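Peer 1: this one's sequence-less:
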C-alpha cells in the first residue's frame, strides 16, 4: 500500500437506521485501515456524531480476524447509531474533538443525511486549514441514494419483504380475505415494490402495490381491492408507509394523534400499526363487515431480522467499506463510494468514488419505468432486483 | 404392510391457522397412505370441512415424490383451510358426503378445535353404523395441545420470534428507546416466551415478557418499563396478543371499536396493530413524550414467513402425518398422535396414539414452572425450547 494521506488517527461511525449488513461495511473499512501504517489508532464513535462530540470512542485497532468476521455477520449497528443532524455549531464541536484526538480520517456509514453530515464536517475542517480526510460509506434499506444502482442494506431488507409476502400470500390463499401489508419506505417505493418477486405461482400476491411516488386515493384503492377480490376471492396488498394523498400529505400523518419528528424533520412512520389498521377498517366499512380483512405492518423486522440476508448484499456492503478506506488512503480527501452495475447477466458491479456533494442530502425515488400504472410494478423492476436478493424459497401449489 | 381397516377412499383436510410445516404433515400422511392397497383414492378437501360438505376434492392419489417434497417445503396450507366449526347438522352433511364417496378414512390436521371436529364426525358415523376411521394430526403454533410435549408448527414460529427479537434488540441497542413487540398467542404464552432465547449477550432483550397466563396490570407494566429503562437506557418488551386484565378481559378487546369473532367464538386479535399502539401510547404519556417508543406487531409473518423453519419441526411434522396413517391402517378407528419427549440430551421423541376425546377442545397453557414472576420466563423453559428451534444466528457486540 502506498503511504499517502496524513498520519494520524481514524474515526468511524454508523448513522441512521441499522441494517442487516451495516456491520459488514464497518468491518471492510477496518480491514483496509489496519494495513495502513499512517493510520495509528482506529476509533469507533459510539452512537455516531453524538459519540464524537462526547469523545465516547471504542478502540477498534487490532481486533482479531475471527471477531471481525462475527461482527460483520451481526445485524444492527454495533457502534450504535444516532438521528442527530449536526448544524454548524455541532460540526464545530466535532472538529474540536477530532483536533484534540489527532483524527485525520473520518468514515461515516449512512444514508444521504449522513453523507451531508460528512460533507459539512469536511467543510468546517477545511475552513480551519485542518487536514481531514472525510469519506461517506453508503447504507440504506430505502435504496434512495443518487448515483448508486442500489445501496447496501436494501437487498437484505428486500429479501425479508419478499419472503414475508411469499409466505403470507400462501396463508391468505388458505384462509382467503383482504390482507394489507405495510412496508417501510418514507419517500421511495423500492422496498415495497420488491414484494412483486413473491409472485411465484398463478394468482400469487401481491395483487396491488402502492408506493409513495404515486398519489394514493382512497376511493381508487377501494375500487382496486373490490375488483381483485371479485376476480381472485382474495386480495393481498403491498403499501408503503409513506404513501401520500393527492395533496402530498402522508396518509399516516393525517391519522396520527400527535406527530413525532426527528432532527431531520422526518415524521415517525414506523413503529405503529395505525396506517394498516386505518386501511383495513376502511375496506371493512366499504366492502362489507363480513369480509375477513387483516393488516400487518412489517416494522423494524425488515431491517433487523437475524438470519435473512442476501449474500450479494453482504459482499457488497463489505466491499464499499474496503473501497472507502482504499480511496482515502490513496489520496482522496473526500467522497462517497457508489455502486454501479456493469452487467446484469452475469451480474457484476463496479465501485466508484463520487463527490460528497453529489450524494449528500439528495434522494432518488422509484423511477417511472419501474412502475406500472397506479397500483403495480413493471417487469423491468423484477429484472433489476432478481440478481440482488439471492435464491428465494420455492413453493408448490395444488 | 398388514391390510387392516376397511377398503375405500381417504379424505384429508387442513384446518385452522396455516404454519410453516403443516404441509409436511399432509405429505407424511400421503406417503403412508400411498402404500396401503385398501386405500383406493386419496382426496384432499379444499378448505377443510367446507370442501367436504361441498364435495370440493382434489385428487391426491399418485402425486410424484418430487412434487410431494416441494409441497412439504411450502409454507401455508396447500389444501386451503377454514375456521368453520361443525355442529351436529354440519357433521351430518360431512357424513353424507363421506358415504356418497365411499370415504372410510378421515385425517384432519389442526389444533384442538380440529380434533373436536374429528371426534364429532366420528361419533356421527358410528351412530349410523358406518365404518369410518378418523384421525387427528396435531398442528398449532400456539403449542397448546394437551398430552403433547410440543406441537408441529410451534418450533418454526418460535424460531421466527427468536430471530426477530435477536435482530430487533440489536437495532434497539443502536437507537435506544422503548420497543414493544406483540407476539401471537391467544391463551397460551409459549410463543411469546420463546423470545427469551434471543438473550445471547449481556444486556440483550427481551427485558420484559408478558404472557396471557399472568394478569396484565397497566400500572405495574409502566413501573416495570421505567425500572428497566433506568437500568439499561432502553427496554425491549415481549407481549402476547392475548394478555388479559385482572378481570380476565383481553386488553385488545377493550381497545377494539368492534369485536370480530370466528365460529369458535374466538375474538380477532391478530391482523391489527391496536394493542401495540395502545401500549406504546401509554408508555409515551406516562414516561415522557421525549422518549423514543415504538411497537411492532409480528402478525401473520410468525406462522407463514418463507425460509425461517426449524428442521426438527419439519421432521416431526412429517412424522406425525406418517404415524397417523400408520395407526389408522393398523386398525385404530380413531385417535390423535401425540409427541412425547423421551430425552432432552440427546434430544429424542416418541409418537404415541392418544384418544381424540383427550385432545379435543381442551387446551394447555404455559405451566407455572416455565414462568418467573409476572414479567419473565424461567430458565427451565429455555432448556425445554433449545432442542426444538435449531441453531440460531450468533451475534458479536462491542
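Peer 2: Here it is on my side, so go on. Note that the structure is predicted; figures quoted are calculated from it, not measured.
Peer 1: Name the nearest residue to the residue in the stretch 1-150 of chain A that chain B sits nearest to, ignoring sequence neighbours.
Peer 2: Chain B sits closest to residue A:76 of the stretch 1-150 of chain A, with a gap of 2.8 Å, by C-beta to the nearest C-beta. The way it works is simple: take the backbone N, C-alpha and C, and place the C-beta from them, glycine included. Once flanking residues are discounted, residue A:76 sits nearest to residue B:170: 2.8 Å by C-beta to C-beta, 6 or more residues apart in numbering or on different chains.
Peer 1: burial of that neighbour, as a residue count?
Peer 2: For residue B:170, the count of nearby residues is 26 (other C-beta atoms under 10 Å in any protein chain shown).
Peer 1: three-state assignment of the residue lying farthest from the centre of chain A?
Peer 2: Most distant residue from the mean C-alpha position of chain A: residue A:290, 38.4 Å away (C-alpha atoms, centre = their mean). When classified by DSSP: H, G, I helix; E, B strand; the rest coil, residue A:290 comes out as coil.
Peer 1: which parts of the lowest-mean-pLDDT helix or strand in chain A are buried?
Peer 2: Ranked by mean pLDDT, DSSP states H and E, the weakest helix or strand in chain A is helix A:251-255, scoring a mean of 81. Neighbour-count burial for helix A:251-255, counted by 16 or more other C-beta atoms under 10 Å in any protein chain shown, picks out A:251, A:252.
Peer 1: biggest helix in chain A by residues?
Peer 2: Counting residues, the longest helix found in chain A (DSSP state H) is helix A:154-174.
Peer 1: Show me how far the helix or strand following that one is from its chain's centre.
Peer 2: Of the helices and strands lying after helix A:154-174 in sequence (DSSP states H and E), the nearest is strand A:178-183. Using C-alpha atoms, centre = their mean, to the nearest Å, the mean C-alpha position of strand A:178-183 is found 20 Å from that of the whole chain.
Peer 1: For strand A:178-183, which outside residues touch it?
Peer 2: Strand A:178-183 is contacted by residues A:161, A:164-165, A:168, A:172, A:191-192, A:195, A:205-206, A:225, A:229, A:234-241, A:273, A:275-276, A:279-280, A:283, A:287, A:291-298, A:302, B:271, B:300 when judged by C-beta atoms under 8 Å, 6 or more residues apart in numbering or on different chains.
Peer 1: switch the cut-off to 6 Å
Peer 2: Contacts to strand A:178-183, defined as C-beta atoms under 6 Å, 6 or more residues apart in numbering or on different chains, come from residues A:161, A:172, A:191-192, A:235-241, A:275-276, A:279-280, A:283, A:293-298.
Peer 1: likewise stretch A:105-117?
Peer 2: A:10-16, A:22, A:25, A:29, A:86, A:118, A:133-137, A:139-140, A:145, A:264, A:324, A:328, A:336, A:356, A:359-361, A:363.
Peer 1: What mean pLDDT does that stretch get?
Peer 2: Mean per-residue pLDDT for stretch A:105-117: 95.
Peer 1: In that stretch, which residues are buried?
Peer 2: Under 16+ other C-beta under 10 Å, the buried positions of stretch A:105-117 are A:105-117.
Peer 1: The helix or strand containing residue A:23 near chain B at all?
Peer 2: Assessed by DSSP H and E, residue A:23 sits inside helix A:22-33. No - contact of helix A:22-33 with chain B (C-beta under 6 Å from any C-beta of the partner chain) is absent, the minimum separation being 8.6 Å.
Peer 1: Check which helices and strands that helix sits against.
Peer 2: strand A:8-14, helix A:65-72, strand A:103-110, helix A:311-329 (3 or more C-beta pairs under 6 Å, 6 or more residues apart in numbering or on different chains; DSSP states H and E).
Peer 1: sorry, back to before: apply the buried test to the contacts of stretch A:105-117 and list what passes.
Peer 2: Listed as buried from the contacts of stretch A:105-117 are A:10-16, A:22, A:25, A:29, A:86, A:118, A:133-137, A:139-140, A:145, A:324, A:328, A:336, A:356, A:359-360, A:363; burial here means 16+ other C-beta under 10 Å.
Peer 1: tally of neighbours for the residue of the stretch 151-300 of chain A found nearest chain B?
Peer 2: The minimum distance from the stretch 151-300 of chain A to chain B, using C-beta to the nearest C-beta, falls at residue A:273 (1.3 Å). Residues near residue A:273, counting by other C-beta under 10 Å, number 26.
Peer 1: where does the stretch 201-350 of chain A have low pLDDT?
Peer 2: A:256-267 (pLDDT under 70).
Peer 1: 80 instead, please
Peer 2: Applying pLDDT under 80 to the stretch 201-350 of chain A flags residues A:254-271, A:289.
Peer 1: hey, where'd the strands end up in it?
Peer 2: Ranges of strands within the stretch 201-350 of chain A are A:208-210, A:235-240, A:293-297, A:334-343, A:348-354, based on DSSP state E, counting those that start in this stretch.
Peer 1: and among those, the most buried is which?
Peer 2: strand A:235-240 (a mean of 28; mean count of other C-beta atoms under 10 Å in any protein chain shown).
Peer 1: Show residues contacting it.
Peer 2: A:169, A:172, A:178-183, A:185, A:189, A:192, A:195, A:205-212, A:225, A:228-229.
Peer 1: likewise stretch A:324-339?
Peer 2: By C-beta under 6 Å, 6+ apart, stretch A:324-339 touches A:4-5, A:29, A:32-33, A:36, A:105, A:107, A:115, A:122, A:133-137, A:147-149, A:320, A:323, A:349, A:351-354, A:356, A:359.
Peer 1: returning to that earlier point: can you name the residues that contact the residue nearest to the residue of the stretch 151-300 of chain A closest to chain B when sequence neighbours are not counted?
Peer 2: Take residue A:273 and drop its neighbours on the chain: the residue closest to it by C-beta to C-beta, 6+ apart is residue B:273, 1.3 Å away. Applying C-beta under 6 Å, 6+ apart to residue B:273 gives the contacts A:273, A:277, A:297, B:297.
Peer 1: Pop out the phi and psi values for residue B:273.
Peer 2: Per-residue torsions, residue B:273: phi -100, psi 10 (degrees, to the nearest 10).
Peer 1: ok, it to residue B:255 distance?
Peer 2: 11 Å (C-beta to C-beta, to the nearest Å).
Peer 1: Same question for residue A:312.
Peer 2: 42 Å.
Peer 1: sorry, back to before: what's the following helix or strand after the helix holding residue A:23?
Peer 2: From helix A:22-33 onward toward the C-terminus, using DSSP H and E, the following helix or strand is strand A:39-45.
Peer 1: So in that sheet, which strands flank that next one, and in what orientation?
Peer 2: With DSSP bridges as the test, strand A:39-45 is paired with strand A:8-14 (parallel), strand A:57-59 (antiparallel).
Peer 1: would you turn the ones you listed into TSV with mean pLDDT?
Peer 2: Below are the strands paired with strand A:39-45 laid out as TSV (pLDDT from 0 to 100):
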stretch	mean pLDDT
strand A:8-14	98
strand A:57-59	98
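Peer 1: who in the stretch 101-250 of chain A is up against chain B?
Peer 2: Neighbours of chain B within the stretch 101-250 of chain A, by C-beta under 6 Å from any C-beta: A:163, A:164, A:166, A:167, A:168, A:170, A:171, A:174, A:175.
Peer 1: tally of neighbours for the first one?
Peer 2: This means residue A:163. Residue A:163 has 24 neighbours, counted by other C-beta under 10 Å.
Peer 1: swap in the last one?
Peer 2: By the other C-beta under 10 Å criterion, the neighbourhood of residue A:175 contains 22 residues.
Peer 1: Same question for the fifth one.
Peer 2: If you count neighbours by other C-beta under 10 Å, residue A:168 ends up with 30.
Peer 1: Quick check: it touching residue B:300?
Peer 2: Yes - the pair residue A:168 / residue B:300 is scored as a contact, 5.5 Å apart, by C-beta atoms under 6 Å.
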